[in-house]
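1. return a 3D structure for these sequence lines:
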Amino acid sequence: MSHSQHPVALRLEQRVGGAARLLATVMALPLVDGIFPAMVLAGALDDPAGILEVGLLVFGGSATVAVILAEMSGSRRERVETTLAVGVVVLALASVEAALAPTIESLLDLAVFERFAALVILAVAAKTASARVGEYLPRPAVIVGLGMVASLDPANAQLVLVPDITLVLRGVAAAGTGVAFALAVAVTSPWLHNTVDIDRFRFGSAVALGVLGLSVLGVVPDDAPLALAVLAVTTLLAFDPGEADDEELDEDPSAEPSGTAMADDETDIGPDRAPWL
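-> Sure thing, here's the model as predicted:
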């Protein structure tokens, strides 16, 4: 139930090679594509709810869950060690980017840049919901680059040599939330593997990301953590322990009651999996 054969995921795995590198690519992608700096500059980390939203939806999310459950092999301890090693790198990069945020902020008109930051989140949400839709959307790095060009205001530019410690701590807390989420998935992976429907979690995560993007735009009130509420409902709906019993029944034909076998043409219902990345 947790396995994914989506072509985008397979191409990414072939490119980076191995589940550990795939997890590093997925979790570090917000840092490379500029999604995380955009969220920092847009003020998404100004309150604890925003830190949780960015950590769980940007660094965590369905892609991280799918890699750990569907792509990683080995024991629980090996999965935890791999996730922890990736998490240390993500935390270090997040702290560096958060420290550079005040310097970047002095170069930009934040009122304009925040709109592009929201567009980045909405684009990622659309790509998460549908790989086919994602083929027609620009990469997040392109949107961030266009946003920087459109909001460039070098008149007040200044090099901030002393980083904002509070902002750095918030950035590390957001990344740490995502790493803690990934570690929790790795620890409980033997159980989650047969009790979580990744497709449901993927689609719900896309909706939560969309709500987060709309809150940055001001369309959705940001005084209530609606994205966290959507994610909580998504997590609840993604749990389906009954599927584990169904899989065990499928693996043991002798346990299947007589007269219930279906014809081959009735069991072939289409593609293996829906997209998760």
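
2. can we go C-alpha only for contacts and neighbour counts from here?
-> OK.

3. so Thr234 makes contact with Ser205?
-> Yes. At 7.0 Å, Thr234 counts as touching Ser205 under the criterion of C-alpha atoms under 8 Å.

4. in terms of neighbours, single out the busier of those two.
-> Using other C-alpha atoms under 10 Å as the criterion, Thr234 and Ser205 rank with Ser205 on top: 30 against 20.

5. for that one, phi and psi?
-> Dihedral angles of Ser205 (phi, psi; degrees, to the nearest 10) stand at phi -60, psi -40.

6. distance-wise, check it relative to Arg115.
-> Distance, Ser205 to Arg115, by C-alpha to C-alpha, to the nearest Å: 21 Å.

7. over to Gly213?
-> In terms of C-alpha to C-alpha, Gly213 sits 9 Å off from Arg115.

8. between these two, which one's more packed in?
-> Taking neighbours as other C-alpha under 10 Å, Gly213 and Arg115 compare with Gly213 leading, 28 against 19.

9. in what helix or strand does that one lie?
-> Taking DSSP states H and E as the definition, Gly213 sits inside helix 198-217.

10. who are the packing partners of the very next helix or strand once past that helix?
-> In the C-terminal direction, the helix or strand that comes right after helix 198-217 (DSSP H and E) is helix 226-238. When contacts are defined as 3 or more C-alpha pairs under 8 Å, 6 or more residues apart in numbering; DSSP states H and E, helix 226-238 packs onto helix 48-54, helix 198-217.

11. ok, which of those comes nearest Thr188?
-> Of all the helices and strands packed on helix 226-238, helix 198-217 sits nearest to Thr188, with 14.7 Å by C-alpha to C-alpha.

12. and that closest one, what's its mean pLDDT?
-> Helix 198-217 shows a mean pLDDT of 84.

13. tell me the angle it makes with helix 226-238.
-> 170 degrees (axes from the mean of the first three to the mean of the last three C-alpha atoms, to 10 degrees).

14. run the chain-centre distance for helix 198-217.
-> 10 Å (C-alpha atoms, centre = their mean, to the nearest Å).

15. check contacts around the most centrally placed residue in the chain.
-> Geometric centre of the chain, nearest residue: Gly61, 3.3 Å, by C-alpha atoms, centre = their mean. Residues in contact with Gly61 (C-alpha atoms under 8 Å, 6 or more residues apart in numbering) are Arg202, Ser205.

16. kindly recompute the last result at 7 Å.
-> Ser205 (C-alpha atoms under 7 Å, 6 or more residues apart in numbering).

17. ok, then the element right after whatever helix or strand it lives in?
-> Element membership for Gly61, per DSSP H and E: helix 61-66. Using DSSP H and E, the helix or strand that follows helix 61-66 in sequence is helix 76-105.

18. in that next one, what counts as buried?
-> 79-80, 82-84, 86-87, 90-91, 93-95, 97-105 (16 or more other C-alpha atoms under 10 Å).

19. could you do stretch 190-198 as well?
-> Across stretch 190-198, burial judged by 16+ other C-alpha under 10 Å covers Leu192, His193, Asn194, Thr195, Val196, Asp197, Ile198.

20. show the pLDDT at Ala94.
-> The model's pLDDT for Ala94 equals 93.
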